[in-house]
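Engineer: Quick one, structure for this:
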Amino acid sequence: MVRKVTLSVKIQAKVNFEGMGAKPLLRGKKKYGRATRKLSKNNTSYSLSFNTSASIFFYSIDTSEISNFLWQDNKVALLSYKGKDSRTFKKDKHLQLNFDHNNQTLIAKMNGDISEQTLKDDVLDPLFVFEMLRLDALKNDGFSNVKQLHYTVYDTSGFKEFNFLNGGRVTIDTPLGELNCIKLSRIRKNSTRKTHIWLAIDYDYIPIMLLQEHKEEEVATLLISSIEKH
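Structural biologist: Model prediction:
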């Protein structure tokens, strides 16, 4: 049994997923890829990384993200983010963020173009927003009295609101056995795309399944295969 992730984030944890899903990249319940989410402690900071790799016939997708942050006085201070999205027949997408808290600036570098923004309060990067869901679930009794959650994120489109609906507690079957979870759904304005996330209650709300939908049809699913503690 893996020791629980605590709010102080003072552990290193690795979560492995198996990629499953339907069109256009993944079909049925066949496995076409893998993803790894890792939280680790460095000398003075922490790193959260998420890497995926999937392929079908002549088409492949590889993504990598890493978010570096401090944990001070029970608060998170983001330091930097780096993301890359590589897909067959498309140009690679790159995004780098540097959070300068002293000067209240956010420096963004996207595909070689650099811009400087005013650092808004509580702005998150595209990866850490999902870790913030976990941390907030720990602080708020698993969102037992919360119906909606709202976060400000800076991604390739600039500042954006991420809105989640709380679908309540459910039990799902996984390679680790049946797990009690909280289901959250990200709803996008003027879009038929949805992202559903299941946070495992007994593992301190680590995300253990993610399902992406478009027009109510499954696009891709990530389902946990293992958890490692180092």
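Engineer: max-length strand in the chain?
Structural biologist: Across the chain, the longest stretch assigned as strand under DSSP state E is strand 158-174.
Engineer: now the next helix or strand after it against strand 158-174, angle please.
Structural biologist: As assigned by DSSP states H and E, the chain's next helix or strand after strand 158-174 is strand 177-187. If you take axes from the mean of the first three to the mean of the last three CA atoms, to 10 degrees, strand 177-187 sits at 150 degrees to strand 158-174.
Engineer: got the CA coordinates for strand 177-187 in PDB?
Structural biologist: Taking C-alpha atoms only, strand 177-187 is exported to PDB below (Å, rounded to 0.1, in the frame of the first residue of the first chain):
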ATOM      1  CA  GLY A 177      -9.600  -2.600  -7.500                       C
ATOM      2  CA  GLU A 178     -12.800  -0.700  -6.800                       C
ATOM      3  CA  LEU A 179     -12.000   2.900  -5.800                       C
ATOM      4  CA  ASN A 180     -14.200   5.500  -4.200                       C
ATOM      5  CA  CYS A 181     -13.800   8.700  -6.200                       C
ATOM      6  CA  ILE A 182     -15.100  12.200  -6.700                       C
ATOM      7  CA  LYS A 183     -16.100  12.900 -10.300                       C
ATOM      8  CA  LEU A 184     -15.400  16.400 -11.700                       C
ATOM      9  CA  SER A 185     -16.300  17.600 -15.200                       C
ATOM     10  CA  ARG A 186     -14.600  20.500 -16.900                       C
ATOM     11  CA  ILE A 187     -17.200  22.400 -19.000                       C
END
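Engineer: Which elements pack onto the helix or strand that that strand is followed by?
Structural biologist: Note on strand 177-187: by DSSP H and E, the next helix or strand toward the C-terminus is strand 193-200. Contact analysis of strand 193-200 by 3 or more CB pairs under 8 Å, 6 or more residues apart in numbering; DSSP states H and E lists helix 128-139, strand 158-174, strand 177-187, strand 206-214 as its packing neighbours. (Glycine included, C-beta is placed from N, CA and C.)
Engineer: what lines up beside strand 193-200 in the sheet?
Structural biologist: Strands adjacent to strand 193-200 in the sheet, as given by DSSP bridges, are strand 177-187 (antiparallel), strand 206-214 (antiparallel).
Engineer: can you give me the angle the helix or strand containing residue 224 makes with strand 158-174?
Structural biologist: Secondary structure from DSSP H and E places residue 224 in strand 217-229. Between strand 217-229 and strand 158-174, the angle comes out at 80 degrees (the same axes, to 10 degrees).
Engineer: Run through the neighbouring helices and strands of strand 217-229.
Structural biologist: Using 3+ CB pairs under 8 Å, 6+ apart, strand 217-229 is in contact with strand 13-20, strand 206-214.
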